[in-house]
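Need the 3D shape of this:
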Amino acid sequence: MEKVLETTEWLRNHGIDGAEIGIVLGSGLGDLANKIEQEKSFSYNVIPNFAIATVEFHFGKLIFGTLGGKKVIALQGRYHYYEGYSMEQIVLPVRVMKMLGVKTVLLSNAAGAVNLDFKKGSLMVVDDHINLQPDNPLRGRNFNDLGPRFPDMSRPYDQKINQLLKDIAKEKGIVLHEGVYAAVSGPNLETRAEYRYMRTIGADAVGMSTVPEVIACNHMGTPCACISVITDECDPDNLQAVNVEEIIATAQKSEVHLSELYVELLKRL
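Now for the predicted structure:
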């Protein structure tokens, strides 16, 4: 909690204040940040208690400015459990957003389709998730200033925001599935048997992020929503060797639709 407060104070002293919306950009999805009318930006390595994103396609920059008529704080690059960070380090940025006054958090990620009706390059608004990661950001002493010891997770993703996103997608002719996101620790991709298991337990897509931040948002009572960019089709009966460069290229190509949805969403929130 001391680190959260220290980071919050540093950012506020450097002019980061008054944002309504927080945005977390996932793998290969940094371009939305270029649409922000930037007022200030800071590399993670100069912000107290921010870790450094080690994945080469994560930029590691906090951006403050205006998007869709709203003041936003955007994280261009996120932390992953597989990088060796603790869950507390992973969720520190969204906790700091809350302390800075952010009222809603929008997330994005790149994910593989377990539901084979979801094709590569399409989008999925996350309705629910299955947490298969081995740790939890709320483990340990509870910080009552942030939220309760046992937070409810019956509706982890805001239903009103999800409906707005579905309405906008329909208006714009953008394919937007709705489904369940399974979070694994990574960094390896899954085996054929693991993909079959995920399909059996009800997952539509799988990735290595997002859920820690969503747990933290629910703990703090901060409404959140997430869109997954489907970057590959995980058919266990026809599984091809993974090509990470191709996955990132697909994410970047599909980001134009993600950006379109989120910019219009901000105008309506």
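
From A203, how far out is N243?
22 Å (C-beta to C-beta, to the nearest Å). Backbone N, C-alpha and C define where each C-beta goes, glycine included.

And those two? Which one has more around it.
Ranked by neighbour count (other C-beta atoms under 10 Å), N243 and A203 place A203 first, with 26 against 11.

Which secondary structure state does that one sit in?
Of the three states, A203 takes coil according to DSSP: H, G, I helix; E, B strand; the rest coil.

can you pull the contacts of it?
114-115, 130, 179-182 (C-beta atoms under 8 Å, 6 or more residues apart in numbering).

Excluding chain neighbours, what is closest to it?
Distance criterion C-beta to C-beta, 6 or more residues apart in numbering; nearest residue to A203, sequence neighbours excluded, is A182 at 3.7 Å.

State the next helix or strand along the chain beyond the host helix or strand of that neighbour.
Assigned by DSSP states H and E, A182 belongs to strand 176-183. Following strand 176-183 in sequence order, the next helix or strand is helix 192-200 (DSSP H and E).

residue contacts, the closest residue to Y81 other than its chain neighbours?
Nearest non-adjacent residue to Y81, counting by C-beta to C-beta, 6+ apart: S185, 5.1 Å away. Applying C-beta under 8 Å, 6+ apart to S185 gives the contacts 81-82, 132-134, 208.

Surely I47 touches E9?
No: I47 is not in contact with E9 according to C-beta atoms under 8 Å; the separation is 11.5 Å.

Return the distance of stretch 5-13 from the chain's centre.
22 Å (C-alpha atoms, centre = their mean, to the nearest Å).

my guess is E255 meets K35, correct?
No: the pair E255 / K35 is not scored as a contact, 10.5 Å apart, by C-beta under 8 Å.

Those two: which has the busier surroundings?
The neighbour count for E255 versus K35, taken as other C-beta under 10 Å, is higher for E255 (21 against 16).

and the gap between that one and M198?
25 Å.

Pretty sure I227 sits in a strand.
Yes: assignment of I227 by three-state DSSP places it within a strand.

Show me the contact partners of the top helix by length along the chain.
For the chain, the longest helix by residue count, based on DSSP state H, is helix 244-268. Helix 244-268 is contacted from outside by 21, 23, 26-29, 31-32, 35, 57, 67-70, 72, 106, 108, 110, 120-123, 161, 164-165, 168-169, 172, 174, 176, 227, 229-232, using C-beta under 8 Å, 6+ apart.

out of these, which are buried?
Listed as buried from the contacts of helix 244-268 are 21, 23, 26-29, 32, 35, 57, 67-68, 70, 72, 106, 108, 110, 120-123, 161, 164-165, 168-169, 174, 176, 227, 229-232; burial here means 16 or more other C-beta atoms under 10 Å.
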